[in-house]
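take a look and give me a structure for this.
(chains A and B)
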Amino acid sequence: MAQDLRPVPDGRFPGDALDSLLWNYAEFDTPEEVDALFRAQRRLSISHALLFFAGTLLLPVVQAVWPAWTTSPVWGGLTPAFIAATVLYPLFCLVLAASYTMRANRLDEDLLGRTLWREESWEPPVWTSPRGEGG
Amino acid sequence: MATTALVTTLLVLASALLASWLVRRQTSTKVEFYLAGRTVSAFLNASAVCGDYFSAASFLGVAGAVYASGLDGIWFGVGFAGGFVPLLLFTASPLRRFGEYTLPDYFAARFESSGVRLVAVALVQLIVLFYLAPQMVGAGTVWELLVGQGMLGLSPYATGVVLTAVAMTVFSTLGGMRGMTWNQALQFWIMTSAMALVVAFAFAAGFSYTRALRDLSAGPLVNPERWRVADLLRPDASGQAPADRARSVMSESYWKQHVEPRLTDPRAEVVVLMPQQSKLRPGPAVYNQPGHLYSPADHASLLLTLVLGTAGLPHVVMRFYTNPTGPLARRSTVYVVLLTSVFYWLATTAGIAGRALTPLTAHGTGAPLPVHVVEGLLAHPDQVLPFLAQTLGGDLLLGYVAAGAFAAMFSTIGGLLLASAASWGHDVFEQFLRPDAPERVRVLVAKLALVLMAAVAMVVGLTFPRVEFFRAFPAVIALMVSWAFAVSASGLVPVLLVSLWWKGTTLRGALAGMLVGGGTCLVLLANSFLRVVEAYPSWLTGLPAGPALPTLLSAPLAFLSVLAVSWLDRRNVPPHVDEVWLRLHGTARERQERLLERVVARARLA
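Got it, this is the predicted structure:
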């Protein structure tokens, strides 16, 4: 099963002896593993998206229904609406983006990554190209 | 001014040409030409994405919008920055993992259909055109304003358009995506440093953010407006003419000296100060309060347009294909959110500083720019950045800001040309005309397509009704750019998001989503456009004007269409969807690529 699903390297050194070397040391994912990862990633993306769109669309609503939000200065001429637009909203986006990225990358690593060797300790064999370049 | 601006701009051109020249040997394959071999680092790519993304609308337009509208102007910049969050959450990683060249490529492979590829190509080209046209108009206008000299018998405006088109053709065909990456990254840092310098000079001149906001918001918002004399003098239902309102906020001496002598010709145009009304609640607009530009519906529509539209912009999406892996695509996007937030904070601060300092600096030192100042306020808000630069930092700072303005346009135009060329060359030529073409021919066709699109852009820039555009500049530039976002948010993004994350999406569902979303958006935009240019057919005058941007209606319709039609068509889910899922959400392919790089590196070392 896994043999059929191995990815094909995309346009790199077609015909080189390297291809056969790769087949010997292939990484692979099974459809079941990918499905589990996809569902976990979708939950993560949707939960962050709900937060993002709620935060984004809340601002025009608050502006429309709560006059003090836009008219009461907090410091100098800075109103809560002004602070939200210039500082809080960009900060909100940044925290959301960083939080999502850390979690999504961790999910990738936790749920996928089956290989035929441990990448950290693996030493690739010396390869000689057909053109005589390299070792 | 002309000498300094010319020298600085030529330095920018030279540095970009050098970057393209240095990497010219690395564009011999298609993956190198379009995608820089998919080996661009996260931070470099983030800088290039920002360079690609920030156009004249961002560099001059956001500061101008804040100058003119205060808080409502800020939302333009905030929306631009926030747009990268949905892109990160839903598209950055899977699209990179899918590993194709263009958005139409993804749709064609996802649904195994050349029909959906063609619809996507049409939408992509429309987005590119909406984005490209105002950039070319901006290039001509900025050249005219900042350099003011024509070459080879051309007018200053035409010189700006032609030089920009020629320069971008040379850079892009020489350097492809790798050269473009370095160009765009370099140009982003030129823009940001120019903006930061203007803000630093403003603070050094005594600008205080909070005090300026308090002072500017003490009374009703007043802005210069261009009026035909006949309209200015015509009384409304209450018996009061606009001229009366203008006179109530202008000094008697200015009125008598500059306005009154022109009131004898009803066809003449005059620029007067006019008190602005709030669209949020009855009464005048105030600088630090919302309501000058947007009603709540317009505000929500603008935000939705900008935050959804970014994920479907072809030149931005294409940049994400250049990341080495999915996780690096995500990390790259986090850097983008950080960099865009900093850039737009600088841009908004420059706008506020301009509003606070213009009345004090209107008679500054240095050779004057051809700006129109009405009682301490700029008639064209987009000129605030160069005006502030010259009055605070002299010709040298003005020259650097001029370079920043050209950098903004060059980087965006370059990215758009490359995305458009990829769409014509890869999606049309390779798929429909010569699928068996050798690599050399494919790269050649890509370069020819790029030259052709640059020529189209140049013709568009030269033939646009320039006077009308200059009158509305930068409003029309910002408006047309937001149209590109609206087409993307309505025609491409809903189908993209649903098809990336729901296996049940079918070809018919995708086509329905694209056609309903894109079609609704275009009809509403045409409705809005015809009203703006006063060419609305009389037999349609009964129709409602609708929101300024249609996304609030067209994007939900597109989502509904793709979901409903796919559900009704659920027996026709593409049979190969599991394989597609492995490519979109599996990591084996990129792990394999990392392995390949290690093997090749080892082979080279041995």
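
pLDDT averaged over stretch B:128-141 - what is it?
For stretch B:128-141, the mean pLDDT works out to 81.

with just CA atoms, put it into PDB.
Only the C-alpha atoms of stretch B:128-141 are listed here, as PDB (Å, rounded to 0.1, in the frame of the first residue of the first chain):
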ATOM      1  CA  VAL B 128      -4.100  41.400 -12.100                       C
ATOM      2  CA  LEU B 129      -5.600  44.000 -14.300                       C
ATOM      3  CA  PHE B 130      -7.500  45.700 -11.500                       C
ATOM      4  CA  TYR B 131      -4.300  45.700  -9.500                       C
ATOM      5  CA  LEU B 132      -1.900  46.700 -12.300                       C
ATOM      6  CA  ALA B 133      -3.900  49.600 -13.900                       C
ATOM      7  CA  PRO B 134      -3.800  51.800 -10.800                       C
ATOM      8  CA  GLN B 135      -0.100  51.000 -10.300                       C
ATOM      9  CA  MET B 136       0.700  52.300 -13.700                       C
ATOM     10  CA  VAL B 137      -1.400  55.400 -13.300                       C
ATOM     11  CA  GLY B 138       0.300  55.800  -9.900                       C
ATOM     12  CA  ALA B 139       3.700  55.500 -11.600                       C
ATOM     13  CA  GLY B 140       3.000  58.200 -14.100                       C
ATOM     14  CA  THR B 141       1.400  60.500 -11.500                       C
END
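
mind listing the strands for chain B?
For chain B, the strands defined by DSSP state E cover B:222-228, B:269-275, B:373-374, B:377-378.

now do chain A
Secondary structure of chain A (DSSP E): no strands located.

sketch out the low-pLDDT regions of it for me.
A:1-28, A:111-135 (pLDDT under 70).

top helix in it by residue count?
Using DSSP state H to define each element, chain A has its longest helix at helix A:31-65.

what's that helix packed up against?
Secondary-structure packing of helix A:31-65 (3 or more Cβ pairs under 8 Å, 6 or more residues apart in numbering or on different chains; DSSP states H and E): helix A:67-71, helix A:80-83, helix A:89-111, helix B:84-86, helix B:296-309, helix B:493-501, helix B:577-585. In short, each C-beta sits where N, CA and C put it, glycine included.

ok, and the closest non-adjacent residue to the residue of the stretch 401-550 of chain B found nearest chain A?
Residue nearest to chain A within the stretch 401-550 of chain B (Cβ to the nearest Cβ): B:W501, separated by 5.3 Å. In space, and not counting its chain neighbours, B:W501 is closest to A:R42: 5.3 Å by Cβ to Cβ, 6 or more residues apart in numbering or on different chains.

pull the number of nearby residues for the one you found.
By other Cβ atoms under 10 Å in any protein chain shown, 15 other residues sit near A:R42.

is it true that it touches B:V498?
No - applying Cβ atoms under 8 Å, one finds A:R42 not in contact with B:V498, separated by 11.6 Å.

picking up where we left off before, most tightly packed of the strands of chain B?
With neighbours taken as mean count of other Cβ atoms under 10 Å in any protein chain shown, the strands of chain B reach their highest mean count in strand B:377-378, at a mean of 22.

what's it packed up against?
For strand B:377-378, the packing partners by 3+ Cβ pairs under 8 Å, 6+ apart come out as strand B:222-228, helix B:326-361.

return the most buried member of those.
By mean neighbour count, with neighbours taken as mean count of other Cβ under 10 Å, helix B:326-361 ranks first of the helices and strands packed on strand B:377-378 at a mean of 24.

circling back: make CSV from the helices and strands packed on helix A:31-65 and add mean neighbour count to it.
Formatted as CSV, the helices and strands packed on helix A:31-65 follow (neighbours: other Cβ atoms under 10 Å in any protein chain shown):
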stretch, mean neighbour count
helix A:67-71, 15
helix A:80-83, 20
helix A:89-111, 18
helix B:84-86, 28
helix B:296-309, 24
helix B:493-501, 26
helix B:577-585, 20
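
closest one to B:M195 among those helices?
Distance to B:M195, taken as Cβ to Cβ, is lowest for helix A:89-111 among these, at 15.5 Å.

tell me which strands and helices the closest one is in contact with?
Contacts defined by 3+ Cβ pairs under 8 Å, 6+ apart place helix A:89-111 against helix A:31-65, helix B:71-82, helix B:84-86, helix B:326-361.

tell me which of those helices lies nearest to B:W567.
helix A:31-65 (17.6 Å).

buried set for the closest one?
In terms of neighbour count (16 or more other Cβ atoms under 10 Å in any protein chain shown), helix A:31-65 has its buried residues at A:33-35, A:37-38, A:40-41, A:44-45, A:48-49, A:51-53, A:55-56, A:59-60, A:63-64.

quick one: residues contacting the closest residue to B:F429 other than its chain neighbours.
Closest residue to B:F429 apart from its sequence neighbours, by Cβ to Cβ, 6+ apart: B:V445 at 4.9 Å. B:V445 makes contact with B:G425, B:F429, B:E430, B:A437, according to Cβ atoms under 8 Å, 6 or more residues apart in numbering or on different chains.

so where's the stretch 201-350 of chain B shaky on pLDDT?
Applying pLDDT under 70 to the stretch 201-350 of chain B flags residues B:324.

re earlier: can you give me the angle the longest helix of chain A makes with helix A:89-111?
Following axes from the mean of the first three to the mean of the last three Cα atoms, to 10 degrees, one obtains 170 degrees for the angle between helix A:31-65 and helix A:89-111.

what angle separates helix A:31-65 from helix B:296-309?
Going by the same axes, to 10 degrees, helix A:31-65 makes 160 degrees with helix B:296-309.

dump the residue contacts of the closest residue to B:G393 other than its chain neighbours.
Distances taken as Cβ to Cβ, 6+ apart place B:F201 nearest to B:G393, at 4.9 Å, with adjacent residues excluded. Applying Cβ under 8 Å, 6+ apart, we find B:F201 in contact with B:L388, B:A389, B:L392, B:G393, B:L397.

could I get those as JSON lines with neighbour count and pLDDT?
JSON lines is the format used below for the contacts of B:F201 (neighbours: other Cβ atoms under 10 Å in any protein chain shown; pLDDT from 0 to 100):
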{"residue": "B:L388", "neighbour count": "31", "pLDDT": "88"}
{"residue": "B:A389", "neighbour count": "30", "pLDDT": "87"}
{"residue": "B:L392", "neighbour count": "24", "pLDDT": "86"}
{"residue": "B:G393", "neighbour count": "22", "pLDDT": "82"}
{"residue": "B:L397", "neighbour count": "23", "pLDDT": "84"}
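
nearest to B:V249, of those?
B:L388 (23.4 Å).

next, work out how far apart that closest one and B:V371 are.
Taking Cβ to Cβ, to the nearest Å as the measure, B:L388 falls 11 Å from B:V371.

I'd like the distance between the residue nearest to B:G393 and B:L273.
B:F201 sits 27 Å away from B:L273, going by Cβ to Cβ.
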